[in-house]
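Just a sequence and a predicted model for now, questions to come.
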Protein chains: 2
Amino acid sequence: MQTVIPIANANANAAAAKSAKVNCTLCSFNRFCLPQGLADSDVARLDQIIARRRRLARDEQLFSMGASFGSLYAVRLGHFKTAQVNIHGEQQVTGFHMAGDLLGMDAIGSGLHNCSATALEDSEVCEIPFNRLQELAMQTPALMQQFHRVLGREIQREQAIMLFRGSMRADQRMALFLLNLGARYSARGYSAASYQLRMSREDIGGYLGLTIESVSRLLARFRKQGWIKLDNRDIRINDRDSLEALSTGREPGLDSATSAEACAA
Amino acid sequence: MQTVIPIANANANAAAAKSAKVNCTLCSFNRFCLPQGLADSDVARLDQIIARRRRLARDEQLFSMGASFGSLYAVRLGHFKTAQVNIHGEQQVTGFHMAGDLLGMDAIGSGLHNCSATALEDSEVCEIPFNRLQELAMQTPALMQQFHRVLGREIQREQAIMLFRGSMRADQRMALFLLNLGARYSARGYSAASYQLRMSREDIGGYLGLTIESVSRLLARFRKQGWIKLDNRDIRINDRDSLEALSTGREPGLDSATSAEACAA
DNA sequence: CGAGATCTTGATTTCAGTCAAAGCTGGTGG
DNA sequence: CCACCAGCTTTGACTGAAATCAAGATCTCG
């Protein structure tokens, strides 16, 4: 009764990737990645500068906070978290990243990584040497524009995190988080309603600005209200509307078979 | 008894700027801005594409959230805030910007401004058409690298905001805010200890993730403890060490003539 | 000068954190 | 195969930091 979609089943897919020619042209995630919108000839040139693939086991770091910067990394397979260590020594998670996402942009400003990137499961990245990317961008207007778009989207992504962390209640943040994860899977062709949480409760807390206990309580509440089905890290969203209503500030669940009774259950 | 340094006295400086030739080469803030580190010949080329100066009166918007994007803007004179409107309709301030800072980078990703920029006093910006900047960057490696550094620093700046908003207490955030503002003035040749808050208490709250009442109380507390002298929006930092100790988590003020007695005062 | 905006201060409430304990789960070795 | 253990997760009781509510005070500028 495994309802979860098999995105990035590390063992199976890693084996497949091994034999396949590794380049952007053939990569099924290229439209979420740097090659998005580029002509085939430009993608072929981008292929030339991809240094190598790199595999990481679960919990292995791709780069650490303070490490010197040389390359960007595109997630090819698996999931990563990026995190900063705060003044209490806790991990403040700045993002969860899946196939097609670009990692390392935080280091372009200073040449030093501002956060660490850790594999949440066995994963694989493409390494893009930053100098060579800049050189290629000089000769490839479309690539330069796309690279700027990607950098710009990173800025927007972080602004969005600031906004929701700063102005939403804990339950709203959690609801939005679950919906957003679903939306990202959906964009990649997977189910928006049924997926596996690749990260621990602690990581979710670190991302949402909550303690692990609050995360647990909120998920339990959503489950009791019938909005989600939760089995360890497998999640199924049963009442998207209520979650959305909650996250946008309207009081949720008045039209759906939930609220009072379900609450008492 | 005005101890505050006269940075960007709008009337006087605006008049001066009017007669001066407006370009990066002669701009006294160029080393904080896009021309940083560029050869004179490259700066001259950058000068060519600066579309125009634009003046804004206090409270006037340079761009609004959702507006379509065409140009970046370098602050030449005065101060700006950038802000997003959150789900409660309140302003969530994403930054305060002074001479040399670049505005509008949040829009590169989508072509739409993700936040609004509002002048905090009579101010002046240089408009840099983004298309022309990209064209020029294609021909000027140093400019491209510098532009990428600036984008990268914006990413880091936002990560830093996330980190401190997410993991510091209200008083620590306030202390850090005051010190950071001072540091930025210091870098520009002004006093780090004595300056004018260009923004309202509400804006400070919007930036730090606090209510206006909390801002007021914290400033009152710092004043009572003798760490700052506060006269409306004029501020003088009297005990940098205690503020720094507070913001870094050590208990402050044990070595300075403050704490208990001052607290009771 | 006066009215509206901005800022301060006090009393009370509340949301999420902290502390504490118990239940799961999955991996390891006997 | 099962017992055990460490780490992860859940749940409950209590606490505390900052928000909210409510007056006032002060400033700004027309």
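Right, received. Where do you want to start? Numbers count the residues shown, from 1 in each chain, chains lettered A, B, ... in the order given.

List the buried residues of the longest helix that chain A contains.
The longest helix of chain A (DSSP state H) is helix A:141-167. Using 16 or more other Cβ atoms under 10 Å in any protein chain shown as the test for burial, helix A:141-167 gives A:143-159, A:161-167. (C-beta placed from N, C-alpha, C; glycine too.)

swap in stretch A:211-219?
Across stretch A:211-219, burial judged by 16+ other Cβ under 10 Å covers A:214-215, A:218-219.

which one of those sits closest to chain B?
A:Ser214 (13.7 Å; Cβ to the nearest Cβ).

Please see if whichever helix or strand comes after the longest helix of chain A touches DNA strand C.
Note on helix A:141-167: by DSSP states H and E, the next helix or strand toward the C-terminus is helix A:170-187. Yes. Helix A:170-187 comes into contact with DNA strand C (Cβ under 7 Å from any atom of the strand), by way of A:170-171.

Need the residues that contact helix A:170-187.
Helix A:170-187 is contacted by residues A:5, A:7, A:32, A:96, A:98, A:164-165, A:168, A:191-193, A:195, A:197, A:204, A:207-210, A:214-215, A:218-219, A:221-222, A:228, A:235, A:237, A:240, A:243-244, A:246-247, A:249, B:87 when judged by Cβ atoms under 8 Å, 6 or more residues apart in numbering or on different chains.

If we use 6 Å, what do you get?
Outside helix A:170-187, the residues that touch it by Cβ atoms under 6 Å, 6 or more residues apart in numbering or on different chains are A:164, A:192, A:195, A:208, A:210, A:214, A:218, A:243, A:246-247.

before we move on, what about stretch A:216-231?
The contact list for stretch A:216-231 (Cβ under 6 Å, 6+ apart) reads A:171, A:174, A:201, A:235-239, A:242-243, A:258, A:262.

Please pick the buried ones from these.
By neighbour count, with 16+ other Cβ under 10 Å, those hold A:171, A:174, A:201, A:235, A:237-239, A:242-243, A:258, A:262 as buried.

Which ones among the residues you listed map onto helices?
If you go by DSSP H, the buried ones among the contacts of stretch A:216-231 have A:171, A:174, A:201, A:242-243, A:262 in helices.

And the furthest pair within those residues?
Maximum pairwise distance among those (Cβ to Cβ): 22.6 Å, between A:Arg201 and A:Ala262.

Is the helix or strand where A:Arg217 lies in proximity to DNA strand C?
In the assignment (DSSP H and E), A:Arg217 maps to helix A:212-224. Yes. Using Cβ under 7 Å from any atom of the strand, we find that helix A:212-224 touches DNA strand C at A:213-214.

Give me the angle between that helix and helix A:170-187.
Interaxial angle of helix A:212-224 relative to helix A:170-187 (axes from the mean of the first three to the mean of the last three Cα atoms, to 10 degrees): 70 degrees.

what about the closest residue to DNA strand C within the stretch 1-150 of chain A, which SS state?
Closest residue of the stretch 1-150 of chain A to DNA strand C, Cβ to the nearest atom of the strand: A:His88 (7.9 Å). Three-state assignment for A:His88 (DSSP: H, G, I helix; E, B strand; the rest coil): coil.

Looking at the buried ones among the contacts of stretch A:216-231, which one is closest to DNA strand D?
Closest to DNA strand D out of the buried ones among the contacts of stretch A:216-231 is A:Arg201 (3.6 Å), distances taken as Cβ to the nearest atom of the strand.

So which residues of chain A form strands?
Under the criterion DSSP state E, chain A contains strands at A:52-56, A:61-63, A:71-77, A:80-85, A:91-97, A:102-103, A:116-119, A:123-129, A:194-196, A:228-231, A:234-237.

can you redo the ones you listed as CSV with mean pLDDT?
CSV is the format used below for the strands of chain A (pLDDT from 0 to 100):
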stretch, mean pLDDT
strand A:52-56, 89
strand A:61-63, 95
strand A:71-77, 95
strand A:80-85, 96
strand A:91-97, 95
strand A:102-103, 97
strand A:116-119, 96
strand A:123-129, 94
strand A:194-196, 94
strand A:228-231, 92
strand A:234-237, 94
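
and these as a markdown table, adding distance to B:Thr25?
Shown next, in a markdown table, are the strands of chain A (distance: least, Cβ to Cβ, whole Å):
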| stretch | distance to B:Thr25 |
| --- | --- |
| strand A:52-56 | 43 |
| strand A:61-63 | 38 |
| strand A:71-77 | 33 |
| strand A:80-85 | 38 |
| strand A:91-97 | 38 |
| strand A:102-103 | 35 |
| strand A:116-119 | 40 |
| strand A:123-129 | 34 |
| strand A:194-196 | 55 |
| strand A:228-231 | 60 |
| strand A:234-237 | 57 |
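
So for B:Ile108, which of the ones you listed sits nearest?
With Cβ to Cβ as the yardstick, what comes closest out of these is strand A:102-103 (14.6 Å).

how distant is that closest one from the center of its chain?
Strand A:102-103 sits 10 Å away from the centroid of its parent chain (Cα atoms, centre = their mean, to the nearest Å).

touching chain B at all, that strand?
No. Against chain B, strand A:102-103 shows no contacts by Cβ under 6 Å from any Cβ of the partner chain, the least distance being 11.5 Å.

Ok, stretch A:37-51 next?
No. If you take Cβ under 6 Å from any Cβ as the test, stretch A:37-51 misses chain B, and the best it gets is 13.2 Å.

mind saving the C-alpha coords of that stretch as CSV?
The C-alpha trace of stretch A:37-51 is given here as CSV (Å, rounded to 0.1, in the frame of the first residue of the first chain):
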residue,chain,number,x,y,z
GLY,A,37,14.8,27.8,-23.1
LEU,A,38,18.2,27.4,-24.7
ALA,A,39,18.6,26.3,-28.3
ASP,A,40,19.9,22.8,-28.8
SER,A,41,23.3,24.1,-30.0
ASP,A,42,23.7,26.2,-26.9
VAL,A,43,22.8,23.3,-24.7
ALA,A,44,25.4,21.3,-26.5
ARG,A,45,28.0,23.9,-25.6
LEU,A,46,26.8,23.9,-22.0
ASP,A,47,27.4,20.1,-22.0
GLN,A,48,31.0,20.7,-22.9
ILE,A,49,31.7,22.6,-19.6
ILE,A,50,30.0,20.2,-17.2
ALA,A,51,32.9,19.0,-15.3
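
Thank you kindly, that will do.
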